[in-house]
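Colleague: show me how the following folds:
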Amino acid sequence: MDFKQQVIAALEPTVSEFLSKEALMNVIEVPKSSDLGDYAFPTFQLAKSLHKAPQQIALDLVAKIDQTAFEKVVATGPYVNFFLNKQTFSEETLKTILKADQNYGDQDLGHGGNVPIDMSSPNIAKPISMGHLRSTVIGNAIAKILTKTGYHPIKINHLGDWGTQFGKLIVAYKKWGSEAAVREDPITNLLNYYVRFHKEDVAHPELDDEARAWFKKLEDGDQEATDLWQWFRSESLKEFQKIYQMLGVEFDSFNGEAFYNDKMAEVIDLLKAKNLLHESQGAEIVDLEKYGLNPALIQKSDGATLYMTRDLAAAIYRKRTYHFVQSLYVVGNEQSEHFQQLKAVLKEMGYNWADQIVHIPFGLITENGKKLSTRQGRVILLEEVLNDAIRLAKAQIKEKNPDLPNQDKVAKEVGVGAVIFHDLKNDRMDNFDFNLEEVVRFEGETGPYVQYTNARAQSILRKSSLSYTLDDALALTDDAAWDILKLLADYPEVIQRALKLYEPSVIAKYSLRLAKQFNKYYAHTRILVDDPQLNARLSLVKSVTIVLENALSLLGVASPQEM
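Modeller: You can find the predicted model right below:
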């Protein structure tokens, strides 16, 4: 169903002397308006070879091209514009989608290769804030896109579950905490203890010595320290899971920082064996000057290891365990240098698979243009945002469709879906301001708008009696349907582009374009008129629902059948 290949096949005999097939593929354009055709070939780069004006080259090419596969081929200025055969295009597009159903767009690009994705990664005993949303939903969407294209993603929640903060937490709990309070509300109370510790240690600096002593006990495997650490971790995870469940996100591994405690000695031994460690002010570093990077700090002067040491151990462990074809880290843009250093150190260690490591950075969510910050008190709890979004969605549903069954279920799908979609419709490197009321609107460039468009299309199908076989004539040649058909045919290529760029916004923006185009069609076309093209129109509606639902599912957003 690759109509672009038809265009290339038509052009190739006339331009192969100057342009390869691959070069042709890269220069073919899609005109902004259907009035100018469906594909266009710009002739500028042939001007030098042919010593002719681009306009004349376009006229000459049109005279030579075999036009039998097209409705027409015309020269418009320096462009050769191809108008596809609407009959053939619509038949093939609709039948391909209807036959494949939710498998439309499936591609085996990955051949089952393993791709671990390091994502979400909150700190134990601290709440999941809006700051964790991006890593979680971008990682989840990329995992779904990988599955769609034949890879095997492995979602890893690399928890912040180790470090001196646990010594502080143990001291605070033993002094001011209670088991009942932690069991009742783990995150809030553990965070309160931690905050109180930092207030108290201003006047009582000896608390820091106690905290260091308790963390040393934990590192040495002391039973009481270990039991408390495991309890804080498991209680925190129970709370985290509530939020992940709301978001519809699951993980394959919760191996966090602590998991690599016994794996760092090997890393240091390997670095020593390769003569890569150098002393600098008492600390051990790897010099990365030849990569244009700052030195990677491996071990502090007191022998303590750092994030780099753990991430080296994690990268080596993941390669040995998963034999990955790619290893992805969905971590904020501020960590870019860290991942450049990580790859460079692995390269220096002789691991060429370091090239398979990809850092997928992203911008910030802001509030009134300001960065959300725990220290400055600008913490927006993700659970509260999701609950507020559900409430806003329910209020709109009650107003628009008070008799809707399963209102609570639909409100959750719409509210949570709105928050996820809003994040993913933004290019991941962009910072964006978060305003919940705009996010949950049923109009505009929102998730609920796409969901509502799908529900509207489902409603048409319920009112109709769509009955066809794939042998029926399902051709639509009217202009109103044409722009939808072309968008539908583009979907597999859209998925490929999202995969190549690790950019879920490509799919979110596509779903908005398709929803807008369908609503325009719905406003100007009487779909349920009983005439010879009824089944073709209904097949178009059905195809739109298949693709919208599939696109939303790749983003991790539900598709309510009624709204």
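Colleague: C-alpha from now on. contacts and neighbour counts both.
Modeller: OK.
Colleague: give the burial count for Gly303, as a bare number.
Modeller: Gly303 is flanked by 11 other residues according to other C-alpha atoms under 10 Å.
Colleague: again with Leu228
Modeller: 17.
Colleague: would you agree it is in contact with Leu169?
Modeller: No: taking contacts as C-alpha atoms under 8 Å, Leu228 lies outside contact range of Leu169: 9.4 Å.
Colleague: my guess is Ala313 contacts Phe259. True?
Modeller: No: the pair formed by Ala313 and Phe259 falls short of the contact definition of C-alpha under 8 Å, at 9.8 Å.
Colleague: more neighbours, the two?
Modeller: More neighbours sit around Ala313 than around the other of Ala313 and Phe259, counting by other C-alpha under 10 Å; the figures are 22 against 16.
Colleague: just the element for the more buried one, please.
Modeller: When secondary structure is defined by DSSP states H and E, Ala313 falls within helix 307-322.
Colleague: any idea how far Leu487 is from Phe82?
Modeller: Distance check for Phe82 against Leu487: by C-alpha to C-alpha, to the nearest Å, it reads 17 Å.
Colleague: and for Ala58?
Modeller: As defined by C-alpha to C-alpha, Ala58 lies at a distance of 27 Å from Leu487.
Colleague: of those two, which one has the most company?
Modeller: Ala58 (23 against 17).
Colleague: for that one, report the pLDDT, please.
Modeller: What the model reports as pLDDT for Ala58 is 97.
Colleague: surely it touches Val73?
Modeller: No: judged on C-alpha under 8 Å, Ala58 makes no contact with Val73 at a distance of 10.4 Å.
Colleague: which residues do those two both contact?
Modeller: Common neighbours of Ala58 and Val73 are listed as Val80 (criterion: C-alpha atoms under 8 Å, 6 or more residues apart in numbering).
Colleague: tell me where the model's unsure across the stretch 351-500 of the chain.
Modeller: In the predicted model, the stretch 351-500 of the chain carries pLDDT under 70 at residues 369, 372-378, 468-469.
Colleague: one more pass at 50, please.
Modeller: 375 (pLDDT under 50).
Colleague: what helix or strand does the residue nearest the centre of the chain sit in?
Modeller: The residue lying closest to the centre of the chain (C-alpha atoms, centre = their mean) is Ile138, at 3.2 Å. When elements are defined using DSSP H and E, Ile138 is found to belong to helix 133-148.
Colleague: quick one: that helix to chain centroid distance?
Modeller: Taking C-alpha atoms, centre = their mean, to the nearest Å, one finds helix 133-148 lying 4 Å from the centre of the chain it belongs to.
Colleague: CA atoms only: put it into CSV for me.
Modeller: What follows is the C-alpha trace of helix 133-148 in CSV, where atoms were taken according to Å, rounded to 0.1, in the frame of the first residue of the first chain:
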residue,chain,number,x,y,z
LEU,A,133,5.2,12.4,35.1
ARG,A,134,7.3,13.0,32.0
SER,A,135,9.8,10.2,32.5
THR,A,136,7.0,7.8,33.3
VAL,A,137,4.6,8.5,30.4
ILE,A,138,7.3,9.2,27.8
GLY,A,139,9.0,5.9,28.7
ASN,A,140,5.7,4.0,28.7
ALA,A,141,4.7,5.4,25.3
ILE,A,142,8.1,4.6,23.8
ALA,A,143,7.7,1.0,25.2
LYS,A,144,4.4,0.7,23.4
ILE,A,145,5.8,2.1,20.2
LEU,A,146,8.7,-0.4,20.4
THR,A,147,6.2,-3.3,20.9
LYS,A,148,4.2,-2.1,17.9
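Colleague: got the residue ranges for the strands in the stretch 201-350 of the chain?
Modeller: With DSSP state E, counting those that start in this stretch as the definition, the stretch 201-350 of the chain shows strands at residue ranges 277-280, 283-286, 296-299, 327-330.
Colleague: put together TSV for those strands, with distance to Thr147, mean pLDDT and mean neighbour count on each row.
Modeller: As requested, those are exported to TSV (distance: least, C-alpha to C-alpha, whole Å; pLDDT from 0 to 100; neighbours: other C-alpha atoms under 10 Å):
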stretch	distance to Thr147	mean pLDDT	mean neighbour count
strand 277-280	40	94	16
strand 283-286	37	95	20
strand 296-299	34	94	22
strand 327-330	14	98	23
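Colleague: Asn192: which of the ones you listed is closest?
Modeller: For these, distance to Asn192 was read as C-alpha to C-alpha. The smallest value, 29.1 Å, belongs to strand 327-330.
Colleague: just checking: what are the partner strands of that closest one?
Modeller: The strands beside strand 327-330 in its sheet (DSSP bridges) come out as strand 114-118 (parallel), strand 357-360 (parallel).
Colleague: for the longest one, what is the average pLDDT?
Modeller: Strand 114-118 shows an average pLDDT of 98 in the prediction.
Colleague: same check, this time on stretch 140-157
Modeller: For stretch 140-157, mean pLDDT rounds to 98.
Colleague: show me what stretch 446-465 is in contact with.
Modeller: With contacts defined as C-alpha under 8 Å, 6+ apart, stretch 446-465 is touched by 414-415, 417-419, 421-422, 439-443, 511-512, 515, 518-519, 528, 538, 541-542, 544-545, 548-549, 558-563.
Colleague: thinking again about what came up before, who's in contact with the helix holding Ile138?
Modeller: Residues outside helix 133-148 that contact it (C-alpha under 8 Å, 6+ apart): 105-107, 110, 117-120, 152-155, 249, 330-332, 362, 382, 420, 423-424, 428, 495, 498-499, 502-504, 554-556.
Colleague: rewinding a little: please indicate which of the contacts of stretch 446-465 are buried?
Modeller: Neighbour counting over these (16 or more other C-alpha atoms under 10 Å) leaves 414-415, 417-419, 421-422, 439-442, 511-512, 515, 518, 528, 538, 541-542, 544-545, 548-549, 558-563 as the buried ones.
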